[in-house]
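Undergrad: the sequence and its predicted three-dimensional model are supplied below.
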Number of protein chains: 4
Amino acid sequence: MSPDELDRTDPAGAVAATAKRVSNWGRWGPDDVRGTMNFLDDVKRREAAALVTDGRAFSLSQRFDMDGPQRGWRRRTNPVHTMLDTGTDAAMGDQGLPHGIGGADDVVAMPLQCSTQWDGLGHIFDHGVAWNGRPSGEVVTSAGDLVTGIETVADVIAGRAVLLDVGRAFGIDGELLDGFAITQRHLEETIERQGPSSTVGRGDIVMVRTGQFARTRREGWGEYAGGPAPGLSFTTADWLHQSEIAAIATDTWGFEVRPNEFDNAFQPLHQVAIPHIGLFIGEMWDLEALSDACAADGRYDCFLTAAPLPITGAVGSPVNPIAVR
Amino acid sequence: MSPDELDRTDPAGAVAATAKRVSNWGRWGPDDVRGTMNFLDDVKRREAAALVTDGRAFSLSQRFDMDGPQRGWRRRTNPVHTMLDTGTDAAMGDQGLPHGIGGADDVVAMPLQCSTQWDGLGHIFDHGVAWNGRPSGEVVTSAGDLVTGIETVADVIAGRAVLLDVGRAFGIDGELLDGFAITQRHLEETIERQGPSSTVGRGDIVMVRTGQFARTRREGWGEYAGGPAPGLSFTTADWLHQSEIAAIATDTWGFEVRPNEFDNAFQPLHQVAIPHIGLFIGEMWDLEALSDACAADGRYDCFLTAAPLPITGAVGSPVNPIAVR
Amino acid sequence: MSPDELDRTDPAGAVAATAKRVSNWGRWGPDDVRGTMNFLDDVKRREAAALVTDGRAFSLSQRFDMDGPQRGWRRRTNPVHTMLDTGTDAAMGDQGLPHGIGGADDVVAMPLQCSTQWDGLGHIFDHGVAWNGRPSGEVVTSAGDLVTGIETVADVIAGRAVLLDVGRAFGIDGELLDGFAITQRHLEETIERQGPSSTVGRGDIVMVRTGQFARTRREGWGEYAGGPAPGLSFTTADWLHQSEIAAIATDTWGFEVRPNEFDNAFQPLHQVAIPHIGLFIGEMWDLEALSDACAADGRYDCFLTAAPLPITGAVGSPVNPIAVR
Amino acid sequence: MSPDELDRTDPAGAVAATAKRVSNWGRWGPDDVRGTMNFLDDVKRREAAALVTDGRAFSLSQRFDMDGPQRGWRRRTNPVHTMLDTGTDAAMGDQGLPHGIGGADDVVAMPLQCSTQWDGLGHIFDHGVAWNGRPSGEVVTSAGDLVTGIETVADVIAGRAVLLDVGRAFGIDGELLDGFAITQRHLEETIERQGPSSTVGRGDIVMVRTGQFARTRREGWGEYAGGPAPGLSFTTADWLHQSEIAAIATDTWGFEVRPNEFDNAFQPLHQVAIPHIGLFIGEMWDLEALSDACAADGRYDCFLTAAPLPITGAVGSPVNPIAVR
């Protein structure tokens, strides 16, 4: 399906029809809490470790500070980091500790979706239904996600990752314009151009670089928090399902193309991908340095560890993904 | 040096004398911000990846929730996780979003030292002096750690780790008693007993299991937050230095034996290890499952990724360390 | 009704029967959001101001800090206050501001029910029904209290308050024992003993001193957060209704006697008072100094201003009540 | 002194010269922690209560929510209010409580200077010196304000307040333009125009309405947080001192005219008023409804209670000031 075939006036219909085609409900039993992470097994992980060639590591996280995209929408702020004790206090001898020891301690308050992150399976619902067909009200209450909390995948997310540098393949100076909808064809052509190290299959983690992140670093996020961006077309849902990938991440705020491809819509691909496919989605990953390294030697796969903080009941998690090549 | 030779009345003297012997100041130049992480290079990381045999992954993090050891001391609380949106709201159709999409969002407020964590180099000072000889007041202000913030090691901490299961070697039912001081001899004998996969050298990350964590899981943390625990003796400072390890982590709240080995003292080994050796210290790591796996097949080394959240200027970070064997 | 007549095995039955007798639903129309605060009008407030005799002011708030009763139950912590800038930083000239100005800024993170507080009308429900008969799910979502948020009474709570010093009347050294259930008889006898300034009627704010607060100041809160305490008997519901008071506050954590007067119960008087009577309840008010002053001259009424912070959608609020005599 | 006489290139010189003229250091002894609040005594408070005529109360606080002026500057966010329990959860019977009781609880995280507030005496320093001549590093550490924390005035701030409606007197449609510097002449003429109820003297709380708050309500705060605003001229320092007022509050973010009246400056009047005069400054007070009432009957004084939350060691406090006329 191409974006041209979407009925812009009927996102609900498109979501329903697509969800029917791509649903993984029941695939891993009625009690499943890991969705597509089931594709990422020990064998995959062992093969991934063998990809390490020179041992160079890349952090794919932006820095967590006030210089992020949040502007207060839905009460999302950038992370607020404050000190409980400081070196200035220690220097003035104000700390009341023995034998000259001094210390600094700190605190952070942040939305779990404020910066580089994983969306957990409890993050999005379709008409009040969560992953695997559970009623959302029985899954995520004020006490958090009682079933699919991010802690349930605390030990899974290490394996083979493939960078699909769509920005470099189709962008201007390596960057896609805001509003650019990445289709299955773009993904497949990128894989083909990049060569054999870019093959994508079961259990892989796909990282799609649009180049927008470079733009935000250069120009600042400004009033962003959900403004226009390149991103995946709604029509990639089938590819996301058929490829049997474990997860997908982009370098943008919201993974999907913004504005979305319907007249009155909000993140319809999420509505299919998370509750129906059971797919883990990463957002705001910094793929810049990795992109340069991959382009330099033509190897686009790596060993990736992107372990969420196991905050009990969280519907997402900040993460510092580490790619080792 | 054995613990018996310590002058219990003079922690300041012991710190000063030891610091002189083990100082790494200037070793990596005056501008260094990574301390012993300099030992962990690409070659080490490549060799570490080759240790992966079966691909099984272990999360070494406890869950981040109210069931942790913090009781308010120094304003440290357990992590407080609250929801911005829930599945119950979505189920009741209260969210005002189009085409049936619903969502859950969340927030966390937590001290960075509240649970499984890294101490950064700005966490501890000796008489107002921080790592590499810098005045602490120029390093950590209310704006955070301006020099050695944890973000400076965002991309380093992936490499070879060795589990030293001192609890299994010297404990009762695998657990050391509170107050048990682990000396260099205990470490060396553990290495010897465990066999060749336990050799410790430059750039390695050492994980010392005392077994106390199993006790806290069984009995709860109770009033803990700094109470009695097994841990490293102050006298291990020389071994920590000479071994040229990149980092060390324990399964206890505070790494050192508690009570400390002086009459009126607070964490004197930190005072040497962090500002003088430039050593990264991990605390409250859950080594239980890994310990069982290592004991089962006699392999005690693994590929570890323990990437901090790059909170700009943080003097420590929560972490979900992932060991792959 | 006396506590002896309660059927300890049937709190639900007692709640239902009592609620039927004392309900104020519809009394101020279907759209009412102020409940018993409707009793506190301008005339009452003008009369109250005339009670000021010598002009002395009393703060009835405990200090907001880590030395409070919260121990993590239901994710309630004591208030965590951290600094964004400090005087030590300013003294070291670290702040980057012109012409020698320096500053200190700070942040607080706290449950709104953590210390001296008002319970708002959205704080308690009876079988999913909130004040005035509204379905609780339409009143309080993750976005907060959409109907009876505490901001709706931002400008009301200034008026006549009467201290009923039950601790002084019936306690030992001025303190009731934990578990002491204050009945209507105790309230009436206290009023009688205290004399004419203690008459309670429409629109008044009643402050009941048990003396437990003095005990917590002396001995610390310890593991408190809901442990045993003196407090109002369930059987006072009718008095609370018939007296037409605007609000009631106690010096205890939870207003009601703890343990509650049923075998398996949790705060049953709240379940009647808030959703059915529409009554505002204050908790953890420090009545000690005021008690001494009242006892000294026999005047038990005063002009009280106890304005909540108008946090939009809050179901309660910290408050610093000011009594002026 | 008129603003024309200021040397725009020398804020430091102006601060120093003015501070010398207006200093109250030592006036209330070396241990004083209350500054100008010493002017507000029981006699003043008693006289103020007698001003209450009709009993109508006005809340002078804006609502505490995400719709405030903070945009992240200096890590100041708007207040973030989240729920620990909700009515939707209660409606779905998810709360695990007995006899049908349900509840909602909530949390707030906020800078103490984020909305309607008091600046405490530890909020501003002059060249590292705090109120009464104390070194700022001994007053405000990471542990908070150890000397002049806002809790020290928990029981003081109830007394006579006078509204000086400069916006109505000198503005267009009741609003001063951004950048309008209010001088002593403007204050005096406003007093004269308003008549005898506006006399200002020892112990009074002055509330200056510029009208900018009405503008922010109408147009939103936008990117505000310190942008242009009307406010007091630096040259009012002498009047602030000689009038012996207890406190002053405005309806703007920062009390002083913005931009400030020097070429490179930041809030120079604060630098004189807080550490030298010992003056309490209120900011972002909503004076709109009160202004209308005062204009209607020509009475500009009232009984004001503006009690800070006694957060131990805080350098400021959110407040809901209540004016009763």
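TA: All right, it came through fine. Numbers count the residues shown, from 1 in each chain, chains lettered A, B, ... in the order given.

Undergrad: now the residue nearest to the spatial centre of chain A. Nearest residue, chain neighbours left out?
TA: Nearest residue to the geometric centre of chain A (Cα atoms, centre = their mean): A:G282, 0.4 Å. Nearest residue to A:G282 in three dimensions, chain neighbours excluded: A:A249, at 2.7 Å (Cβ to Cβ, 6 or more residues apart in numbering or on different chains). C-beta here means a position set from N, CA and C on the backbone, and glycine is covered the same way.

Undergrad: count of neighbours near the one you found?
TA: 29 (other Cβ atoms under 10 Å in any protein chain shown).

Undergrad: and A:A130, how far from A:Q95?
TA: 48 Å (Cβ to Cβ, to the nearest Å).

Undergrad: next: A:T36.
TA: Taking Cβ to Cβ, one finds A:T36 at 49 Å from A:Q95.

Undergrad: the two - which one has more neighbours?
TA: For A:T36 versus A:Q95, the count of surrounding residues by other Cβ under 10 Å is larger for A:T36: 27 against 19.

Undergrad: who's in contact with that one?
TA: Going by Cβ atoms under 8 Å, 6 or more residues apart in numbering or on different chains, A:T36 touches A:N24, A:E244, A:I245, A:A246, A:A247, A:I277, A:G278, A:L279, A:F280.

Undergrad: most distant residue from the centre of chain A?
TA: For chain A, the largest distance from the centre (Cα atoms, centre = their mean) belongs to A:H99, which lies 46.6 Å off.

Undergrad: spit out the contact partners of it.
TA: Applying Cβ under 8 Å, 6+ apart, the residues contacting A:H99 are B:P11, B:A12, B:V15, B:F262, B:N264, B:A265, B:F266, B:P268, B:Q271.

Undergrad: try A:S2
TA: Per Cβ under 8 Å, 6+ apart, neighbours of A:S2: A:T183, A:R185, A:T235.

Undergrad: ranking by neighbours, what's the top pick from those?
TA: That'd be A:T235 among these, by other Cβ under 10 Å, with 22 neighbours.

Undergrad: next, the residue nearest to the centre of chain A: secondary structure please.
TA: At A:G282 the chain is in strand, as set by DSSP: H, G, I helix; E, B strand; the rest coil.

Undergrad: A:A306 is in contact with that one, correct?
TA: Yes. The pair A:G282 / A:A306 is scored as a contact, 6.9 Å apart, by Cβ atoms under 8 Å.

Undergrad: find residues that contact each of the two.
TA: A:W118, A:A247, A:A249, A:V319, A:P321.

Undergrad: the first one is in what secondary structure piece?
TA: Take DSSP states H and E as the rule and A:W118 turns out to sit in strand A:117-119.

Undergrad: parallel or antiparallel, list what pairs with that strand.
TA: Within its sheet, and counting by DSSP bridges, strand A:117-119 is paired with strand A:280-283 (antiparallel), strand A:316-318 (antiparallel).

Undergrad: now check the helix or strand containing A:F58, is it near chain B?
TA: Assigned by DSSP H and E, A:F58 belongs to strand A:57-59. Yes. Interface with chain B: strand A:57-59 contributes A:A57, A:F58, A:S59 (Cβ under 8 Å from any Cβ of the partner chain).

Undergrad: I'd say the last one and A:N320 touch.
TA: Yes. Using Cβ under 8 Å, A:S59 makes contact with A:N320 at a distance of 5.7 Å.

Undergrad: show me what from the stretch 51-200 of chain A comes close to chain D.
TA: The stretch 51-200 of chain A comes close to chain D at residues A:66, A:71-72, A:75, A:77-78, A:80-86, A:88-89, A:92, A:94, A:109, A:137-138, A:141-143, as judged by Cβ under 8 Å from any Cβ.

Undergrad: for ChimeraX, what selects the buried ones among these?
TA: Selection of buried members from these for ChimeraX, criterion 16 or more other Cβ atoms under 10 Å in any protein chain shown:
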select /A:66,71,72,75,77,78,80,81,82,83,84,85,86,88,89,92,94,109,137,141,142,143
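
Undergrad: circling back: so what strands line up beside the strand holding A:F58?
TA: In the sheet, strand A:57-59 lines up with strand A:322-324 (antiparallel) (DSSP bridges).

Undergrad: so what's the gap between the partner strand and the chain middle?
TA: 15 Å (Cα atoms, centre = their mean, to the nearest Å).

Undergrad: again with stretch A:264-282
TA: 12 Å.

Undergrad: over to stretch A:44-54?
TA: 22 Å.

Undergrad: count of residues packed around the residue nearest to A:D42 when sequence neighbours are not counted?
TA: Closest residue to A:D42 apart from its sequence neighbours, by Cβ to Cβ, 6+ apart: B:G55 at 3.7 Å. Neighbourhood size, B:G55 [other Cβ under 10 Å]: 20.

Undergrad: just the one 5 residues further on next, same as before
TA: Around B:L60 there are 29 other residues, counting by other Cβ under 10 Å.

Undergrad: hmm, it is touching B:I322, no?
TA: Yes. Here B:L60 lies in contact with B:I322, judged by Cβ under 8 Å, at a distance of 7.3 Å.

Undergrad: can you list residues touching both of the two?
TA: Counting by Cβ under 8 Å, 6+ apart, the residues touching both B:L60 and B:I322 are B:A306.

Undergrad: which parts of the stretch 51-200 of chain A are helices?
TA: Here the stretch 51-200 of chain A has its helices, by DSSP state H, counting those that start in this stretch, at A:87-91, A:136-139, A:166-170, A:184-194.

Undergrad: most tightly surrounded among those helices?
TA: Among those, ranked by average contacts under mean count of other Cβ atoms under 10 Å in any protein chain shown, first place goes to helix A:87-91 (a mean of 31).

Undergrad: what helices or strands is that helix leaning on?
TA: Judged by 3 or more Cβ pairs under 8 Å, 6 or more residues apart in numbering or on different chains; DSSP states H and E, the packing partners of helix A:87-91 are strand A:101-103, strand B:124-126, helix B:136-139, strand B:140-141, helix C:87-91.

Undergrad: could these go into TSV alongside mean pLDDT?
TA: Putting those into TSV (pLDDT from 0 to 100) gives the following:
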stretch	mean pLDDT
strand A:101-103	95
strand B:124-126	98
helix B:136-139	96
strand B:140-141	96
helix C:87-91	93
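
Undergrad: test my guess that A:D165 contacts A:C294.
TA: Yes. If you go by Cβ under 8 Å, A:D165 and A:C294 touch, sitting 6.7 Å apart.

Undergrad: okay, now the unreliable bits of chain A?
TA: A:1 (pLDDT under 70).

Undergrad: rerun at 80
TA: Scanning chain A for pLDDT under 80 picks out the ranges A:1-2, A:94, A:222-226.

Undergrad: for it, which residues are neighbours of chain C?
TA: A:80, A:82-84, A:86, A:88-89, A:91-92, A:94, A:107, A:109, A:142.

Undergrad: the strands in the stretch 201-325 of chain A, which residues?
TA: A:205-208, A:231-232, A:247-250, A:280-283, A:301-305, A:316-318, A:322-324 (DSSP state E, counting those that start in this stretch).

Undergrad: okay if I get the ones you listed as JSON lines plus distance to B:F255?
TA: Shown next, in JSON lines, are those (distance: least, Cβ to Cβ, whole Å):
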{"stretch": "strand A:205-208", "distance to B:F255": "33"}
{"stretch": "strand A:231-232", "distance to B:F255": "44"}
{"stretch": "strand A:247-250", "distance to B:F255": "34"}
{"stretch": "strand A:280-283", "distance to B:F255": "32"}
{"stretch": "strand A:301-305", "distance to B:F255": "24"}
{"stretch": "strand A:316-318", "distance to B:F255": "25"}
{"stretch": "strand A:322-324", "distance to B:F255": "24"}
